[in-house]
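*Asks:* Provided below for reference: sequence and predicted model.
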Number of protein chains: 4
Amino acid sequence: MATRLTADGQMPEKYGMILRAATKVFARNGFFNSKVADVAKAAGVADGTVYLYFKNKEDILISIFNDTMSRVLADLKVELETIPDPKDQLRHVAVSHLTRMSRDRNLAIVFQVELRQSTKFMEQFSATKVAEYFDLIGKIITDGQAKGLFRAQLNPKIVTKVFFGALDEMATNWILSRKKYDLVAVADSILDLFFNGVLA
Amino acid sequence: MATRLTADGQMPEKYGMILRAATKVFARNGFFNSKVADVAKAAGVADGTVYLYFKNKEDILISIFNDTMSRVLADLKVELETIPDPKDQLRHVAVSHLTRMSRDRNLAIVFQVELRQSTKFMEQFSATKVAEYFDLIGKIITDGQAKGLFRAQLNPKIVTKVFFGALDEMATNWILSRKKYDLVAVADSILDLFFNGVLA
Amino acid sequence: MATRLTADGQMPEKYGMILRAATKVFARNGFFNSKVADVAKAAGVADGTVYLYFKNKEDILISIFNDTMSRVLADLKVELETIPDPKDQLRHVAVSHLTRMSRDRNLAIVFQVELRQSTKFMEQFSATKVAEYFDLIGKIITDGQAKGLFRAQLNPKIVTKVFFGALDEMATNWILSRKKYDLVAVADSILDLFFNGVLA
Amino acid sequence: MATRLTADGQMPEKYGMILRAATKVFARNGFFNSKVADVAKAAGVADGTVYLYFKNKEDILISIFNDTMSRVLADLKVELETIPDPKDQLRHVAVSHLTRMSRDRNLAIVFQVELRQSTKFMEQFSATKVAEYFDLIGKIITDGQAKGLFRAQLNPKIVTKVFFGALDEMATNWILSRKKYDLVAVADSILDLFFNGVLA
DNA sequence: AATGAATGAGGGTTCATTCAT
DNA sequence: TATGAATGAACCCTCATTCAT
């Protein structure tokens, strides 16, 4: 369901309320174990109200993703413009990626675990916001190559996937780990490895 | 459900039949959209028979993973012993990882997509075969560091996750991609990047 | 909900609009598959407005029937007074019955199909306008018997039902038939049969 | 759902149990007010068991009709062969029709009231057993015309509908009437009217 | 009178699992 | 071991109706 504005040009109160409630409920119980009624109750609305804002249960899940990603992508594009060095840009992507996950553990769980349960999401994986995120990283890579900072012979698509895979894997491990370590702190290690490789 | 042997010390024919049928069915329809009856029919057994070999539906999914991983880990350990250089060992892990996915697309789908849908699997993620796989890679890393091949200041756990994340991300993208490119061919690029980093 | 007059003594515009819209919607989708929201939209009013004119969804259906029947009965009574011969009176009833159905297929569908779906309607079947319609026919019969035109030994109630049953069955068949034949044209055949019987 | 035979060549016990229970439940509460759970409980089976024998709730209703009509049509065809006179044949059809309704009031209610609530039934009205029933009556009429018993100039299709309409209307009125009169007793009156007409 | 956002009761259906044979 | 008929818990979603504005 697309963003709908009220008369005064603001997101309807309830749209956000339901989305925030769903994030909490899905993170706690898992998407398939969560009932729409649970989400409604957590949001303080009637069951039917959920369907005024979302097509169905899965639409809530996907909306959590799309809404967040839209904001993230918009912010990221603005922020990256102020950073000249592709290396620093990558660092910024990594840090903001991991910071985002750290800051809202429920959201992180939904992103790293629950979303993978949505067939529809997985099917459209490459056709959505993820593709934009990949593009954004990809552009930094090619820009870095153009500037002679990154090795030109590397396939930028593969580099992009490896970079994203690193962040994604770190986030997933952090979520699934019993220990509550500082996720953002690993950014430097990842970047060092990514920039300089493992070889001595 | 663990491997059960018949009187003559062989795996019951049907255990494997059900597992193979389930891989096909889960890959085609997704785990949640697959009915136990579908798996039974594909395996040529009665619905109830499935429950003689597996505790429940999820147990089938996890058994696909555990059975495959047991074999993979056993093979990998043997093979790695014959390879002295940690660099070559990593190359072997990458190539065999991607080859395995390439060879059986159904199995790859189950590994990269369907397994992520199992709450129970995700919860035990780090406590199972995955941990062994990580250990195996981790040992290569620390060994490489000990031998002065890999930079000693790198955190081997992070290096391991980045390496695994790269392979995992490549596999997932290959599954979700419309194009049917050669997955194994990217191994060299990944290793080059992993070894030498992105910087010029 | 009874007919309500506005200050200037006229039926509120919207009452009729809703009724006409409902006839169309019910005929097209069936009563149970039609939503009150569909009727409201077709009538160009808000959902809630429907409830200012009708008690509930079923009240709309029954109002279509009662409104139409009130008009039909009033007209019929006037018209029949100008026809002296009971035989001609029956002919007039038959022709006007079938003409009415022919003229408004949507209304015919509601009368022959959708109304039968209303439990409350069926329960009150004999206590409403239908009873009046039966009375009207019954009076023609007894009048004809009194005048020596119709056989006196016939039970007028049964004759009435047979006569109505003939018209009703013809109408239902016409609605359900794929072919679009002339319904009014069968009136003569029915009357011939009704008057003279089937025997040679 | 078609008739399914068990190993010993008999209708499964439960198929008939559910059908009989449904007739009672539908007649008492109406089709739309009856829950599948009500039918299951009345039949002494679990809710899900109903779906082993019927596709859905409406299929139960239609099966009541089709099962009954199949038996009726088969019986009728045999019986009519032993009756030479078309007049007596019509009498037999009328008496057996009304007797059937009289004997099982629940079944009669389902036939005369509840079945009319099924869109699917109404849509296929002419394409099913009803058409066969009409054919059966129609053949008697044309046969009577061929034998010079019935007037040749009458359209046999219209005659058929009027005859059926008479029986149908009598049955419906009997169901909806508060008084519990003898339905079969009206057969003679109907036939007299049908044979000789209303004119003196 | 008119609106339409919000409500929340309600039930048909699925399907993993069991168990008598 | 194997079967498959039977079970019954579980839940998403619809939509008639209300009511604050």
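*Replies:* Thanks, I have it.
*Asks:* need the contact list for A:Leu154.
*Replies:* When contacts are counted by C-beta atoms under 8 Å, 6 or more residues apart in numbering or on different chains, A:Leu154 touches A:Ile141, A:Gln145, B:Ser189, B:Asp192, B:Leu193, B:Val198. All C-beta atoms are positioned from the backbone trio N, CA, C, and that covers glycine.
*Asks:* Can you tell me the SS state at A:Asn33?
*Replies:* coil (DSSP: H, G, I helix; E, B strand; the rest coil).
*Asks:* That one: neighbouring residues, count only.
*Replies:* A total of 11 residues lie near A:Asn33 under the criterion other C-beta atoms under 10 Å in any protein chain shown.
*Asks:* And for the one 5 residues further on?
*Replies:* As a burial measure, A:Asp38 scores 18 neighbours (other C-beta under 10 Å).
*Asks:* before we move on, the earlier item: out of the contacts of A:Leu154, the closest to chain C would be?
*Replies:* A:Ile141 (51.9 Å; C-beta to the nearest C-beta).
*Asks:* Please report how far that closest one lies from A:Thr160.
*Replies:* A:Ile141 sits 6 Å away from A:Thr160, going by C-beta to C-beta, to the nearest Å.
*Asks:* Same check on A:Arg103?
*Replies:* To A:Thr160, A:Arg103 is 24 Å away according to C-beta to C-beta.
*Asks:* Same question for A:Gln89.
*Replies:* According to C-beta to C-beta, A:Gln89 stands 13 Å off from A:Thr160.
*Asks:* Could you do A:Phe111 as well?
*Replies:* The spacing between A:Phe111 and A:Thr160, counted by C-beta to C-beta, is 18 Å.
*Asks:* ok, now A:Lys147?
*Replies:* When distance is defined by C-beta to C-beta, A:Lys147 is 17 Å away from A:Thr160.
*Asks:* Same drill for the two, tell me which one is more crowded.
*Replies:* A count of neighbours by other C-beta under 10 Å puts A:Thr160 above the other of A:Lys147 and A:Thr160, at 22 against 13.
*Asks:* Retrieve the pLDDT associated with that one.
*Replies:* Note for A:Thr160: predicted pLDDT of 98.
*Asks:* which phi and psi does whatever residue of chain A ends up closest to DNA strand E have?
*Replies:* Across chain A, the shortest distance to DNA strand E (C-beta to the nearest atom of the strand) belongs to A:Gly48, at 1.5 Å. With angles defined as degrees, to the nearest 10, A:Gly48 sits at phi -60, psi -30.
*Asks:* residues in contact with it?
*Replies:* Contact analysis of A:Gly48 by C-beta under 8 Å, 6+ apart lists nothing.
*Asks:* Is any residue of stretch A:157-174 near chain B?
*Replies:* Yes - judged by C-beta under 8 Å from any C-beta of the partner chain, stretch A:157-174 and chain B are in contact via A:Ile158, A:Val159, A:Lys161, A:Val162, A:Phe164, A:Gly165, A:Ala166, A:Leu167, A:Asp168, A:Glu169, A:Met170, A:Asn173.
*Asks:* Please, which helix or strand holds the fourth one?
*Replies:* Assigned by DSSP states H and E, A:Val162 belongs to helix A:156-176.
*Asks:* and that helix, what does it pack onto?
*Replies:* Applying 3 or more C-beta pairs under 8 Å, 6 or more residues apart in numbering or on different chains; DSSP states H and E, one finds that helix A:156-176 contacts helix A:86-103, helix A:105-112, helix A:129-146, helix A:187-196, helix B:156-176, helix B:187-196.
*Asks:* Can you mark which positions in the fifth one are buried?
*Replies:* What it means is helix B:156-176. Within helix B:156-176, the residues that count as buried by 16 or more other C-beta atoms under 10 Å in any protein chain shown are B:156, B:158-176.
*Asks:* returning to what we had before: and the helices and strands packed on helix A:156-176, which is most packed in?
*Replies:* Ranked by mean neighbour count under mean count of other C-beta atoms under 10 Å in any protein chain shown, the helices and strands packed on helix A:156-176 are led by helix B:156-176, which reaches a mean of 22.
*Asks:* from the middle of its chain, how far away would that one be?
*Replies:* 12 Å (C-alpha atoms, centre = their mean, to the nearest Å).
*Asks:* Stretch A:51-60 now?
*Replies:* Relative to its chain's centre, stretch A:51-60 lies at 20 Å (C-alpha atoms, centre = their mean).
*Asks:* quick one: that stretch near chain B?
*Replies:* No - using C-beta under 8 Å from any C-beta, we find that stretch A:51-60 stays clear of chain B, coming within 11.2 Å at best.
*Asks:* And the helix or strand where A:Val72 lies, what does it pack against?
*Replies:* Assigning secondary structure by DSSP H and E places A:Val72 in helix A:57-81. In terms of contacts (3+ C-beta pairs under 8 Å, 6+ apart), helix A:57-81 is packed against helix A:13-29, helix A:86-103, helix A:105-112, helix A:119-123, helix A:129-146.
*Asks:* so which of these comes closest to C:Ser63?
*Replies:* C:Ser63 lies closest to helix A:13-29 among the helices and strands packed on helix A:57-81, at 35.8 Å (C-beta to C-beta).
*Asks:* Would that closest one count as contacting chain B?
*Replies:* No - on the criterion C-beta under 8 Å from any C-beta, helix A:13-29 is out of touch with chain B, staying 9.3 Å away.
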